[in-house]
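>>> need a 3D model of the following:
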Amino acid sequence: MITLRPSDERGHANHGWLDSYHSFSFASYYDPQHMGFRNLRVINEDRVQPGHGFGTHGHRDMEILTYVIEGALEHKDSMGNGSVIHPGEVQRLTAGTGITHSEYNHSQSESVHLLQIWILPQAQGIKPGYEQRQFSLEEKRDQLRLIASPTGRENSVTIHQDVDLFATVLAADEQVIHTLKPNRHAWVQAVQGTVTLNGLTLKAGDGAAISSEDKITIEAKAAAEVLLFDLA
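Residues are numbered from 1 along each chain as shown. Below you'll find the predicted structure:
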């Protein structure tokens, strides 16, 4: 069973400096039919204007992944980390017992386009942690590259939950296939371009919840970028 989450039905908040679309309920956007999927709690597609960003704020008991699509995002946190996240890089924050951080557009002239992803952790009160890894275009080209996992295998970032996250960048007419083990589920997020998911069309911003399927076939209709979450 595949349930489409169309991009134009997502929650939307435009604050001027921030234009944000919410696949699931977030902040002032509340929809009891879209509170998350399995342990996936938030997918926000954000565009932040030059010179602006999120001031210092707190999180706890959440696994937070940042995936930059275009531009660069500057990060600072209470653990002493400071970095700039570029396309191809993935940042993982384990909020655990509590952290504060800030995120700003690193550029004074160009906007930054990113996905903020929150995953519920396997337990509360985990020690806070931080990772940032780069995954080259070649690693993702026309294949599924593991970028986050509970064990950090294949040099992925480590998240404290039974979730494997894959990324792929597809040329037109190329496809990738992912097999779901019994009792596993998936969420597919179209980041850029247009693809078919087991024959169902997804355009940029669309998501899809997948259950009771044993094989997922993603084929690009034009150049595309896709995330695939394999979930318990």
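>>> switch to C-alpha atoms for all contacts and neighbour counts from now on
OK.
>>> which helix or strand contains the residue most central in space within the chain?
Nearest to the geometric centre of the chain sits Ile117, at 4.3 Å (C-alpha atoms, centre = their mean). According to DSSP states H and E, Ile117 maps onto strand 112-119.
>>> what average pLDDT does the next helix or strand after that strand get?
For strand 112-119, the succeeding helix or strand toward the C-terminus, using DSSP H and E, is strand 129-134. The average of the pLDDT scores along strand 129-134 is 96.
>>> cool, stretch 50-65 as well?
Averaging pLDDT along stretch 50-65 gives 94.
>>> thinking again about what came up before, the residue nearest to the centre of the chain touches Leu65, doesn't it?
Yes. Between Ile117 and Leu65 there is a contact under C-alpha atoms under 8 Å: 5.0 Å.
>>> got the domain ranges for the chain?
10-134, 137-231 (automatic domain parsing).
>>> deepest in the core, which of those domains is it.
Of these, the one with the most neighbours on average (mean count of other C-alpha atoms under 10 Å) is domain 137-231, at a mean of 19.
>>> show the end-to-end separation of that one, please.
24 Å (C-alpha to C-alpha, to the nearest Å).
>>> got the contact list for the closest residue to Val84 other than its chain neighbours?
Spatial nearest neighbour of Val84, chain neighbours left out: Glu74 (4.3 Å); criterion: C-alpha to C-alpha, 6 or more residues apart in numbering. Glu74 sits next to Gly82, Ser83, Val84, Ile85, Glu103, Tyr104, Asn105, His106 when contact means C-alpha atoms under 8 Å, 6 or more residues apart in numbering.
>>> do you know how far Ser156 is from Gly88?
The separation that Ser156 has from Gly88, given C-alpha to C-alpha, amounts to 13 Å.
>>> quick one: the helices in this protein?
Counting by DSSP state H, residue ranges of the helices within the chain are 137-140.
>>> who's Asp230 bridged to?
Counting by DSSP bridges, Asp230 forms beta bridges with Asp164, Ala186.
>>> which of the domains of the chain sits closest to Thr3?
domain 137-231 (5.1 Å; C-alpha to C-alpha).
>>> hang on, isn't Ser83 packed against Lys76?
Yes. Counting by C-alpha under 8 Å, Ser83 touches Lys76, with 6.7 Å between them.
>>> that older thread, what's the closest of the contacts of Glu74 to Arg60?
Glu103 (16.4 Å).
>>> many thanks, I have nothing further to ask.
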